[in-house]
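got a structure for you, letters missing:
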């Protein structure tokens, strides 16, 4: 620890003298102190010349220390670091293989583009080295060089050399070659870099049994992503070889082997062999749950996907998913989800006994989820519905905890909807617990039961009036809506309750600020005034039975996630494109699912066309006065609200109410439409456990950055209050407050909202292209990553002459992008000008059109220059910027926006 002591006055000079000492021990101690000061955050870059002098030492320990120092300071002192190149090259020819590998590794870690040219000759030599350790290090050096200068790697033929090394006799070299080729393939989706032919397949399988555990992971991942068997017999043979690795101690190897076998079973025609392989999978997957809690959680998230893909695989091992008393809450929650996937008519009684025990736990969220799971069992399994209802009633009668009783009532309401006119005999036991209700959702559920079964509940009107009407004005909107609907239903069943319904309608239409409540009150009033039978046909209409969906992810997303088991995608249950920039192999696009289920259709909402507006000049004063008097005198006539007979709220193709058009029908200002948003390609940002899904992306709104979000509410809770915050990000963006209160997103609805964004210098931190977003709303905290968009930041109205002058001075790092299927120079330029760029130069020579554009981002003091060359349907784009990171992010965006 002496090396990490605090720097004192004059210590730099003391260190310099120690480094220059002729005594090797003194020199070594001094360099150790330099490294210690460097790790403690002290700037010791002034010692770089003195350190460089000692690079040619024969002492291996001292050489390692010096190389470590150089890697750290090569970025801040690139000119001096280049002086060390000759020593690096010389060390790659040292007789000691450790020195050769150390020199090559250090050159790869010094991320300076100029130094890559000096790496070519050492790489060529070390890729053919006799020592496997040197060869393995050289293979990884190719990956590092490709990240800095991809074109140089291709020109020097390193990719072909990596293909040759797939047949190397050392498994460590083979596995590293596979890993490097896989990384290059991800960054070159337009070309086939790693093609697993029959010859390559034999080499990989041969190396698999001898490779290290992480080498096995690399090889198995490559097989899962880029290998498709040609025949059923070949698939059987490879599956048998891979199954030997299911008993490995490393859970990553087990998951990688599992996903290869799952994929191969799709090509095996013999069902007996498939069943045999499935039996081999069971015990290794079960053993994953005997590790540390964090590993168990990752394993459970992966098992969740595997169970969805192979529903019968672990159905006989359901006991392992029962929660233990010392399981962390996140493990318990995930086990509950898997229990719901495995429950069936045979094991439901065993599962219900477990869930009943969980309802006595102390963790509120876990207890609620357990009670909710009992209801899901009832909805999923009609044969066990009676047993589930008895369990829920037992909890209502015996539990002394309010939130257990309330959650049970919420669940029972769903059971009533699933099985109408079957379990109404328990309503009396529910009414006995009315005084225990203090949560909005529980109150709304109980009120719904009172209204729906008013003809079977004695004095239902008195119960509603006694327990809920007195506090009507203070209740949240979801409860007020339930009271309003229930009072009308009770009136239809019990005509003597007319004074009560009149009182509720009067409050709803005259004394409330909630437009939804007021509009619903007017609709009910109009219905009752028109015809009591019409109102009954609307409010008492037969409702479609609800169902509990077992699968948590769609079939097509599940097919994409299976080859990525054991990765971050499988933990987040998001396709790789939503987690990071990754190439998904084309052969994974349409993986057939068990039972031949077709992929689910994607629910999209098209644009709503604006209704023609009536000019104010066309309205006569007398007509306006008559409409006002009519409004004041006759609350029943809703003609002034645009909801005459025959009108109905618009419904889109997904079956959800389009709130944008509904708002305009109600006479309220509809949210502004965004011409820049493509509704068909809106990415899903997150899916909350409550059932709320959020889609969206950054756009330009009125030539300023904005966040376009689509809330899709499949939960039981309206979304009214939304507090959205951005974490620090590379774009210095800060979201303005979002207000959904006038038009909350009710259950079963979706809502599009545009949130304006401001620039805040305090928000600036170069963290990458993703922005961490947190939303606190009615269903809890929702966290997700939002891909930032440089194109949304460009300032409009830049002077062309200023752009020409500034474009010549921007010197940042160049990011290259190749766009295939380009529509041509004019459409591309027009599109970029729409984002705020100005065209600063254009020329044509030998059939090649070249154009230069400039854009600025003043809040970031940013300047961007795009130079494009068009030929034969291809556009080669070179971007440079100040600061540098903007060009790198822009390159990815151009590849998506320009085709």
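Arrived safely. Quantities reported herein were computed from a predicted structural model and do not represent experimental measurements.

helix or strand for residue 794, which one?
With the criterion set as DSSP states H and E, no secondary-structure element contains residue 794; it sits in neither a helix nor a strand.

try residue 878
Assignment of secondary structure by DSSP H and E places residue 878 within strand 874-882.

and that strand, what's buried?
Buried residues in strand 874-882, defined by neighbour count with 16 or more other CB atoms under 10 Å: 875, 876, 877, 878, 879, 880, 881, 882. Backbone N, C-alpha and C define where each C-beta goes, glycine included.

make TSV from these and add pLDDT and distance to residue 704 to it.
Formatted as TSV, the entries for these read as follows, by pLDDT from 0 to 100; distance: CB to CB, whole Å:
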residue	pLDDT	distance to residue 704
875	80	28
876	81	31
877	85	25
878	85	28
879	87	22
880	86	25
881	86	20
882	85	22
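
just the strands in this protein please.
Assigned by DSSP state E, the strands in the chain fall at 684-687, 692-701, 704-713, 723-726, 733-735, 750-759, 770-777, 780-787, 814-820, 838-845, 848-857, 862-871, 874-882.

between those, which one is nearest to residue 439?
Each of these has some distance to residue 439 by CB to CB; the shortest is strand 780-787, at 14.0 Å.

sheet-wise, list the partners of the closest one with their directions.
strand 770-777 (antiparallel) (DSSP bridges).

quick one: the partner strand to chain centroid distance?
When distances are taken as CA atoms, centre = their mean, to the nearest Å, strand 770-777 is centred 11 Å away from the chain's centroid.

and what of stretch 249-263?
From the chain centre to the centre of stretch 249-263 is a distance of 24 Å (CA atoms, centre = their mean).

state the mean pLDDT of that stretch.
Stretch 249-263 carries an average pLDDT of 92.

contacts for that stretch?
Applying CB atoms under 8 Å, 6 or more residues apart in numbering, the contact partners of stretch 249-263 are 213-214, 216-217, 220-221, 223-224, 238-239, 242-243, 245-248, 277, 280-281, 284-285, 287-288, 291, 295, 298-299, 302, 306, 309-310, 562-566, 570, 591.

what do you get if the cut-off is 7 Å, keeping everything else the same?
The set of residues external to stretch 249-263 that reach it, using CB atoms under 7 Å, 6 or more residues apart in numbering, is 213, 216-217, 220-221, 223-224, 239, 242-243, 245-246, 248, 277, 281, 284-285, 288, 291, 295, 299, 302, 306, 309, 562-563, 565-566.

what comes up buried for that stretch?
In terms of neighbour count (16+ other CB under 10 Å), stretch 249-263 has its buried residues at 251-263.

out of these, name the ones that lie in helices.
Assigned to helices by DSSP state H, the following of the buried residues of stretch 249-263 qualify: 251-263.

is it true that residue 19 touches residue 27?
Yes. Residue 19 is in contact with residue 27 according to CB atoms under 7 Å; the separation is 6.1 Å.

quick check: neighbours shared by these two?
Listed as contacting both residue 19 and residue 27 by CB under 7 Å, 6+ apart are residue 54.

format the strands of the chain as a markdown table; extra columns: distance to residue 143.
As requested, these are arranged in a markdown table below (distance: least, CB to CB, whole Å):
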| stretch | distance to residue 143 |
| --- | --- |
| strand 684-687 | 31 |
| strand 692-701 | 31 |
| strand 704-713 | 35 |
| strand 723-726 | 33 |
| strand 733-735 | 33 |
| strand 750-759 | 37 |
| strand 770-777 | 23 |
| strand 780-787 | 25 |
| strand 814-820 | 18 |
| strand 838-845 | 37 |
| strand 848-857 | 32 |
| strand 862-871 | 28 |
| strand 874-882 | 23 |
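
among these, which is nearest residue 540?
Distances from residue 540 to each of the strands of the chain were compared by CB to CB, and the smallest falls on strand 704-713, at 25.1 Å.

what is the closest one packed up against?
Packed against strand 704-713, as judged by 3 or more CB pairs under 7 Å, 6 or more residues apart in numbering; DSSP states H and E, are the following elements: strand 692-701, strand 750-759.

as TSV, the ones in helices among the buried residues of stretch 249-263 with distance to residue 270 would be great.
What follows is those, written out as TSV (distance: CB to CB, whole Å):
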residue	distance to residue 270
251	29
252	29
253	26
254	24
255	25
256	24
257	20
258	20
259	21
260	18
261	14
262	16
263	16
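
ok, these vs residue 111, which is closest?
Proximity to residue 111 was ranked across these by CB to CB; first place goes to residue 252, at 27.9 Å.

so what's the closest residue to residue 853 other than its chain neighbours up against?
For residue 853, ignoring the flanking residues on the chain, the nearest one in space by CB to CB, 6 or more residues apart in numbering is residue 837 at 4.2 Å. With contact set as CB under 7 Å, 6+ apart, residue 837 has these partners: 794, 853, 854, 855, 866.

make CSV out of these and add pLDDT.
Below are the contacts of residue 837 laid out as CSV (pLDDT from 0 to 100):
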residue, pLDDT
794, 86
853, 91
854, 91
855, 91
866, 89
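
burial of the nearest residue to residue 284 once chain neighbours are set aside, as a residue count?
Leaving aside its chain neighbours, residue 284 sits nearest to residue 246 (4.1 Å; criterion: CB to CB, 6+ apart). Applying other CB atoms under 10 Å, we find 20 residues neighbouring residue 246.

and the spatially closest residue to residue 114 that is not a sequence neighbour, how far from residue 802?
Distances taken as CB to CB, 6+ apart place residue 82 nearest to residue 114, at 6.0 Å, with adjacent residues excluded. When distance is defined by CB to CB, to the nearest Å, residue 82 is 36 Å away from residue 802.

re the thing from before, what number of residues lie near the residue nearest to residue 114?
When counting by other CB under 10 Å, one arrives at 15 neighbours for residue 82.

separation between it and residue 312?
As judged by CB to CB, residue 82 and residue 312 stand 62 Å apart.

quick revisit: please produce CSV containing the contacts of residue 837, extended by distance to residue 439.
Compiled in CSV, these are given as follows (distance: CB to CB, whole Å):
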residue, distance to residue 439
794, 48
853, 57
854, 57
855, 52
866, 55
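
run through the residues that contact residue 334.
Taking CB under 7 Å, 6+ apart as the definition, contacts of residue 334 comprise 297, 300, 301, 304.

for residue 19, same thing?
Contacts of residue 19 by CB under 7 Å, 6+ apart are 27, 30, 31, 47, 50, 51, 54.

try it again with 6 Å
Taking CB atoms under 6 Å, 6 or more residues apart in numbering, we find residue 19 in contact with 30, 50.

follow-up on the earlier one: and the helices and strands packed on strand 704-713: which comes nearest residue 203?
Between residue 203 and the helices and strands packed on strand 704-713, the shortest separation by CB to CB is 43.1 Å, and it involves strand 692-701.

that closest one packs against which elements?
Taking 3 or more CB pairs under 6 Å, 6 or more residues apart in numbering; DSSP states H and E as the contact definition, the neighbouring helices and strands of strand 692-701 are strand 684-687, strand 704-713.

mind listing what's buried in stretch 491-504?
By 16+ other CB under 10 Å, the buried positions in stretch 491-504 come out as 491, 492, 493, 494, 497, 500, 501, 504.

and the residues you listed, which two are furthest apart?
Farthest apart among the buried residues of stretch 491-504 by CB to CB are 493 and 504. That separation is 15.1 Å.
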